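K.L.:
Predicted coordinates and the sequence they were generated for:
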Amino acid sequence: MRLLHNTVAKQLTAVGGALFVASTPLIAQQINGTPGAPNATTTVDGHQLPNPPSRFGGVIGLDARESKPYWQPQIVPPQGAPNILLIITDDVGFGAPSTFGGVIPTPALDRIAKMGLRYTNFHTTALSSPTRACLITGRNHHSVGFGVISEMATGFPGYDSVITKDKVTIGEVLKQNGYATSWFGKSHNTPAFQTSQVGPFDQWPVGMGFDYFYGFLGGETNQWQPDLYRNTTKVYPYVGKPGYNFTTDMADDAINYLNQINSIDPKKPFFLYYSPGGTHAPHQPTQEWIDKFKGKFDMGWNKLREEIFANQKKLGVIPENAQLTPWPDDLLKRWDALSPDEKKLFERQMEVYAAYLAYTDNEIGRVIQAVEDAGKLDNTLIIYISGDNGGSAEGSPNGTPNEMTFFNGTDVPVATQLKKYYDVWGSDKTYAHMAVGWTWAMNTPFKWTKQVASYFGGTRNGVAIAWPARIKDAGGIRNQFHHVIDIVPTILEATGIPAPFTVNGIQQTPIEGVSMAYTFDKANASAPSHHVTQYFEMMGLRALYHDGWIASTLPFRAPWEGTKPEPEDIIKGLTWELFDLKNDPTQNNNVADKYPEKLKELQTRFWVEADKYQVLPLDASGIKRMISPRPSIVAGRTEFTYIRPITGTPQAIAPSILNRSFTISADVEIPKVGGDGMLTTAGGRFAGWAFYVLKGKPVFVYDLLDLSRERVESKAALSPGKHKVVFDFTYDGPGFGKSGTGVITVDGVETARQKLAATLPFALEAGESFDVGADTGTGVEDNDYTPPFAFSGTLNKLTIKLGPPQITPAQQSNANEKVAVMQD
């Protein structure tokens with residue numbers, strides 16, 4: 001081993017227009033083996049990535065026989081650097097898993113907590129992709145463009161959903177320091193407008209430092225028929241596999257990947273980022289897991305909440321002085337006030353949710369076991385984050401068999417849910433989410449839920465960290481305040497790898513989190529937190545934590561009221577509360593009137609942090625941002641032509657027919673036998689539309705959230721030969737989700753005309769694509785066909801022409817209509 005240098009780097013770094021001197025000890029570069037030999041390895045100081053090549057150390061003569069070769073050494077991490085298994089689940093409230101007092105068994109999370117440490121005071125951002133952006137960059141969500149989810153991106157630096165090149169991910173840093181890097185499951189950090197198969201791919205996992213990716217790019221996916229990519233290639237692993245579920249498939253793929261690395265290069269350390277869809281809606285566990293929870297929740301959500309609170313006190317995961325926050329009687333019914341039908345339905349919803357969490361944890365346990373089976377558990381740092389925010393309230397107070405109802409402003413009555421969906425809840429016939437009462441219970445002991453950044457019900461998540469070779473206080477509990485931006489610096493300290501000054505020639509902004517590694521030692525179990533100040537902001541709601549105090553704005557709408565108007569004055573129009581967390585750890589007792597100067601101090605600090613981290617301008621809008629135009633390869637286009645079948649096009653870069661008139665024209669050739677199949681479709685079983693030929697007849701179907709379907713069907717079948725088949729829709733706007741008239745013509749002759757009583761206002765089914773010539777994923781009308789339903793004639797050309805959106809500026813600005821979607 002040869003030490004090349006051990007100096008101190010001093011670098012002028014520009015941040016926000018100001019210059020400061022960063023003084024960081026350089027890591028001693030280590031060369032193992034004979035320099036220039038094929039098996040020589042080296043670490044790098046890590047401040048400049050990629051590391052400049054070392055000088056050629058051989059001899060070059062006129063004749064190769066008189067010369068001496070010299071190979072550049074292979075780059076490896078510092079000696080003893082651990083493998084990294086980083087796990088984050090989705091929409092799991094603090095009180096859901098057994099590890100933090102819940103009644104849902106999570107033995108994998110329990111195992112990590114018993115091997116290592118349980119963190120009880122860890123925080124996220126209150127929403128999915130913002131938390132995940134923090135997790136992979138070590139910077140605040142607005143700093144890396146993820147002030148909200150990508151589907152709501154706006155053209156401001158803190159909100160455009162673009163992680164710029166001066167803020168590279170931990171995957172990129174570890175990869176360039178010799179790690180094998182991989183990402184499994186959910187990637188909600190690719191701009192929705194850059195998710196097509198033609199790229200660009202620099203914001204995909206494989207473009208952000210991960211050698212291998214197997215998962216989905218949006219906020220959610222159907223677990224039975226998922227919208228998946230392997231690296232950048234669309235794949236359909238469920239086809240021909242009855243009973244397939246992505247939760248298991250994802251674990252299988254990760255285990256196979258680990259086996260591959262261990263078999264081919266057992267010395268190479270891995271960084272595996274494991275991010276399952278559970279328990280984000282749709283709740284879709286296998287029937288085996290659902291059966292385990294039958295009858296387990298007849299006590300109702302109020303008594304369950306009390307049980308969880310008692311468990312948390314016994315486990316020591318909440319302080320002794322913690323109070324159970326009161327039930328929100330002004331927002332949600334108590335269990336005893338429900339009707340028998342409501343109780344029956346809601347119990348079923350919770351059984352399926354519990355099954356989904358337990359199933360997800362079980363598959364995570366299989367991956368952890370694979371690490372142990374490979375003999376690598378001892379030197380693997382495992383970080384298991386239970387949820388990327390609090391439990392989700394997007395299921396509405398009654399729950400829903402189809403989460404897309406929330407995104408389209410529609411409620412589903414209990415009677416309809418019981419009649420049509422009760423027996424299939426959780427199967428591929430539902431896209432289910434549970435009633436908010438259960439969500440509130442899963443966030444015990446706190447109040448509020450996902451989306452609410454100002455209260456711990458939205459931001460407090462349990463974490464377990466184990467590293468057997470390093471953490472010896474097995475089963476210990478840590479109560480220091482920390483935030484998801486602290487994970488990257490923790491990994492860097494554990495691996496001995498510094499945060500780089502430059503990557504690929506671009507100067508990097510500083511990491512904004514602090515390492516949690518000081519808590520690994522038992523001597524520091526009660527040490528003061530190194531994370532002293534943290535802002536929170538999501539859709540106008542905000543809070544400022546500083547040294548044991550937090551100032552919080554009261555929500556101006558419940559998270560399940562997605563179409564409720566935003567406040568007129570988001571800057572001065574909100575009510576602030578103040579909490580002394582040392583004496584009131586659950587934000588139960590507002591002391592703003594008692595300590596007005598402290599409240600003012602924290603409010604002032606918020607604006608300082610907001611200016612520092614690109615939080616401005618504040619925006620309280622919801623649906624309005626979701627439907628706002630964004631840059632994409634289809635921006636401004638009104639005509640789309642396809643000369644061959646094409647499937648799997650993401651909706652964000654496909655023609656959208658919502659809230660406008662449109663025309664679909666297909667030049668087809670019908671054979672003497674056959675000629676049925678899909679011409680074009682978007683969405684799927686739970687919200688979408690399709691134009692196809694069935695028994696020789698052209699048919700257009702508009703699927704209104706699987707609650708009803710509007711249908712236009714030609715009276716006569718197509719004869720063999722060439723035809724121009726057209727569906728023309730005239731929209732009855734202006735407004736969202738209005739009615740319209742659909743007309744089918746064949747070779748210029750009208751063959752069908754039908755009034756469509758309603759259309760979808762805001763969104764098709766998430767995770768489904770736009771297809772021409774076949775239908776991938778789920779079908780729009782199960783009674784007519786089974787995907788892929790490829791067109792068996794010849795589709796010579798298909799053209800879609802879009803009229804202008806029929807939304808007035810006032811409607812676009814408010815976007816708060818409750819939409820009446822027809823129900824069977």
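P.N.:
Structure's in. What do you need? These numbers were taken from a predicted model, which means no experiment stands behind them.

K.L.:
ok, longest helix in this protein?
P.N.:
helix 340-373 (DSSP state H).

K.L.:
packing partners for the very next helix or strand once past it?
P.N.:
Sequence order places strand 380-386 as the next helix or strand after helix 340-373, per DSSP states H and E. Helices and strands touching strand 380-386, by 3 or more Cβ pairs under 8 Å, 6 or more residues apart in numbering; DSSP states H and E, are strand 83-88, helix 107-115, helix 340-373, strand 462-466, helix 487-495. All C-beta atoms are positioned from the backbone trio N, CA, C, and that covers glycine.

K.L.:
now with 6 Å?
P.N.:
strand 83-88, helix 107-115, strand 462-466 (3 or more Cβ pairs under 6 Å, 6 or more residues apart in numbering; DSSP states H and E).

K.L.:
So which residues make contact with that strand?
P.N.:
If you take Cβ atoms under 6 Å, 6 or more residues apart in numbering as the criterion, strand 380-386 is touched by 82-89, 92, 97, 109, 112, 371, 461-467, 494.

K.L.:
Now Thr164. Nearest residue, chain neighbours left out?
P.N.:
Closest residue to Thr164 apart from its sequence neighbours, by Cβ to Cβ, 6 or more residues apart in numbering: Gly145 at 6.9 Å.

K.L.:
could you say which helix or strand contains that neighbour?
P.N.:
Short version, using DSSP H and E: Gly145 is in no helix or strand.

K.L.:
Am I right that it is in contact with Val162?
P.N.:
Yes: applying Cβ atoms under 6 Å, one finds Gly145 in contact with Val162, separated by 4.7 Å.

K.L.:
neighbour-wise, which of the two wins?
P.N.:
Gly145 (27 against 20; other Cβ atoms under 10 Å).

K.L.:
which residue ranges form the helices in the stretch 201-350 of the chain?
P.N.:
246-264, 287-291, 300-315, 340-373 (DSSP state H, counting those that start in this stretch).

K.L.:
So for Gly178, which of those helices sits nearest?
P.N.:
Closest approach to Gly178 among these (Cβ to Cβ): helix 246-264, 12.7 Å.

K.L.:
what's that closest one packed up against?
P.N.:
Judged by 3+ Cβ pairs under 6 Å, 6+ apart, helix 246-264 is in contact with strand 180-186, helix 340-373.

K.L.:
Go through the last one and flag the buried ones.
P.N.:
By neighbour count with 16 or more other Cβ atoms under 10 Å, helix 340-373 contains the buried residues 342, 345-365, 367-368, 370-371.

K.L.:
by contact count, what packs against that helix?
P.N.:
helix 107-115, helix 246-264, helix 287-291, helix 414-421.

K.L.:
Redo the ones you listed as TSV? Include mean pLDDT and distance to Val673.
P.N.:
Formatted as TSV, the helices and strands packed on helix 340-373 follow (pLDDT from 0 to 100; distance: least, Cβ to Cβ, whole Å):
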stretch	mean pLDDT	distance to Val673
helix 107-115	98	54
helix 246-264	97	37
helix 287-291	98	40
helix 414-421	97	37
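
K.L.:
Deepest-packed of those, please.
P.N.:
Compared across those, helix 107-115 shows the largest average neighbour count, a mean of 22 (mean count of other Cβ atoms under 10 Å).

K.L.:
could you redo the helices of the stretch 201-350 of the chain as a markdown table and give each row distance to Phe213?
P.N.:
Shown next, in a markdown table, are those (distance: least, Cβ to Cβ, whole Å):
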| stretch | distance to Phe213 |
| --- | --- |
| helix 246-264 | 10 |
| helix 287-291 | 27 |
| helix 300-315 | 36 |
| helix 340-373 | 16 |
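
K.L.:
what about the ones you listed, which gets the closest to Asn524?
P.N.:
Comparing those by Cβ to Cβ, helix 300-315 comes nearest, at 21.0 Å.

K.L.:
Run through the stretch 701-824 of the chain and note the low-pLDDT ranges.
P.N.:
813-824 (pLDDT under 70).

K.L.:
need the strands for it, in chain order.
P.N.:
Read by DSSP state E, counting those that start in this stretch, the stretch 701-824 of the chain holds these strands, from start to end of the chain: 708-713, 721-731, 740-746, 749-756, 769-772, 794-802.

K.L.:
For the shortest one, which outside residues touch it?
P.N.:
Judged by Cβ under 6 Å, 6+ apart, the contacts made with strand 769-772 from elsewhere in the structure are Tyr642, Pro645, Ile646, Thr647, Gly648, Thr649, Gln651, Ala654, Thr680, Thr681, Ala682, Leu798.
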